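In: pasting the sequence and the predicted coordinates here, then a few questions.
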Amino acid sequence: MACLLLILISVLGLIIHSEGKAEEINNMHFVEATALPEKITLTCNTSKEPSALVYWVKNMKLEGNGKSLEKTIRGYPDAGKYVCRSNTTDAILSYSTVYIKKKNDNGEVAESILSPFKEESNRPYFKCTANNFSGDFKCFWKPLEQNSNLNFTIKVTSGKAVCDEPVGPEAGMYTASCRKGIPCPSTEEYEEIGIVLEVFHGFEYEEHTHNFFIKDILKPDAVECQMENSLLTWTPPKTWSTPASYYKLTYQIKMVQHPRRDWVIGVFPFIIIIFEIYIPPYSWKS
């Protein structure tokens, strides 16, 4: 009987604890830098305490009383975490985090924390590539400098795809692996995949978008080639979609004499062989 009573008390304690945790809701508010100053209203998400028994603090400083807090955001010092507490128990009931969204008057990200890919004509801040038509693809980006206050989330806004949590940094680069929910590589794509990269740097916020079809981000892996009796042969990349007769690739080969006579590339002395792979337009068949 004593053992049963102890189990019931433990279960009740877990339920009360989980309910308490559920009350700690984080509401995120984003204020555009070009809209400052802006008045916002923060709401304490609790049903346990009357409004008179609730107060707000930020950085240990009292901000106001009541379930609703009106705050004018004038600049970065006003951004941060606003915590709603109980006057009776001092417990955290919920909290709201205010971020400044970095934008200029043209609606573009102002002074991004990310490094642009300068080799691209539109200088994007993150890219996605796929090495075949399977529906798997990878997105990657690189901060200008590493910082412990950096956090990233990646969201799919269209295209029925899913993405894993970002990982990194590796060689300064962060990546996220993604895949289409119901891939059908042999049919034409009718809906673009939409990806949003959210960047949190302290209480600064910026977002970058990328919309594409898988066929537009294809980047085949390197081919394997060999030469025997002056005959150069190669095979499609092992990761490329099959059958190769359907997913055709075209190749352009360049041979360049290298000035360093002591440099040997594979079995080709003094010669650099460059493979350029092209993906021809597809006429999809049902």
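Out: Right, received. Where do you want to start? Numbering: from 1, shown residues only.

In: all helices for the protein, in order.
Out: Ranges of helices in the chain, per DSSP state H, are 2-23.

In: how about Lys180: which residues does it bridge to?
Out: Applying DSSP bridges to Lys180 gives these bridge partners: Ala161.

In: isn't it right up against Gly159?
Out: Yes - counting by CB atoms under 8 Å, Gly159 is a contact partner of Lys180 at 7.0 Å. C-beta: built from backbone N, CA, C; applies to glycine.

In: shared neighbours of the two, anything?
Out: Ile193 (CB atoms under 8 Å, 6 or more residues apart in numbering).

In: please, where are all the strands along the stretch 101-250 of the chain?
Out: Applying DSSP state E, counting those that start in this stretch to the stretch 101-250 of the chain gives strands spanning 126-129, 136-141, 150-158, 161-163, 167-170, 173-180, 193-201, 204-212, 224-228, 231-235, 250-257.

In: would you mind giving these as CSV with mean neighbour count and distance to Glu63 added?
Out: Putting those into CSV (neighbours: other CB atoms under 10 Å; distance: least, CB to CB, whole Å) gives the following:
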stretch, mean neighbour count, distance to Glu63
strand 126-129, 20, 36
strand 136-141, 20, 35
strand 150-158, 15, 24
strand 161-163, 17, 36
strand 167-170, 12, 36
strand 173-180, 18, 34
strand 193-201, 20, 22
strand 204-212, 18, 21
strand 224-228, 12, 64
strand 231-235, 11, 66
strand 250-257, 10, 64
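
In: ok, Glu191 - how many residues close by?
Out: 11 (other CB atoms under 10 Å).

In: if you could redo that for Pro243, that was the one I meant.
Out: Here the count is done by other CB under 10 Å, and Pro243 has 7 residues near it.

In: what stretches of the stretch 1-150 of the chain score poorly on pLDDT?
Out: 1-25 (pLDDT under 70).

In: repeat the analysis, applying 80 as the threshold.
Out: Along the stretch 1-150 of the chain, the parts satisfying pLDDT under 80 run over 1-26, 46-52, 119-122.

In: circling back to that earlier point, the strands of the stretch 101-250 of the chain: lowest mean pLDDT?
Out: Ranked by mean pLDDT, the strands of the stretch 101-250 of the chain end with strand 250-257 in last place, scoring a mean of 74.

In: residues in contact with Thr175?
Out: Contacts for Thr175 (CB under 8 Å, 6+ apart) come out as 138-140, 166-168.

In: please report how far it lies from Leu218.
Out: Distance of Thr175 to Leu218, computed by CB to CB, to the nearest Å: 18 Å.

In: on that earlier part again, columns distance to Arg85 on top of the strands of the stretch 101-250 of the chain, output as CSV?
Out: Converted to CSV, the strands of the stretch 101-250 of the chain look like this (distance: least, CB to CB, whole Å):
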stretch, distance to Arg85
strand 126-129, 38
strand 136-141, 37
strand 150-158, 25
strand 161-163, 36
strand 167-170, 36
strand 173-180, 35
strand 193-201, 24
strand 204-212, 25
strand 224-228, 64
strand 231-235, 66
strand 250-257, 66
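
In: closest to Met28 out of these?
Out: strand 204-212 (8.8 Å; CB to CB).

In: so what are the sheet partners of that closest one and their directions?
Out: strand 92-101 (parallel), strand 193-201 (antiparallel).

In: between the ones you listed, which one is closest to Glu120.
Out: Nearest to Glu120 among the strands paired with strand 204-212 is strand 193-201; the distance by CB to CB comes to 15.3 Å.

In: got the contact list for the closest one?
Out: With CB under 8 Å, 6+ apart, strand 193-201 has contacts from 99, 112-114, 125-126, 128, 137, 139, 141, 147, 149-159, 161, 163, 178, 180, 205-214.

In: the inter-axis angle of it versus strand 150-158?
Out: 160 degrees (axes from the mean of the first three to the mean of the last three CA atoms, to 10 degrees).

In: send me strand 193-201 as CSV with only the CA atoms.
Out: The C-alpha trace of strand 193-201 is given here as CSV (Å, rounded to 0.1, in the frame of the first residue of the first chain):
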residue,chain,number,x,y,z
ILE,A,193,10.8,24.0,-53.4
GLY,A,194,11.0,27.0,-51.1
ILE,A,195,13.6,27.2,-48.4
VAL,A,196,14.0,29.9,-45.7
LEU,A,197,17.2,30.1,-43.7
GLU,A,198,16.8,31.9,-40.4
VAL,A,199,19.9,33.4,-38.8
PHE,A,200,19.9,34.4,-35.2
HIS,A,201,22.9,36.4,-34.0
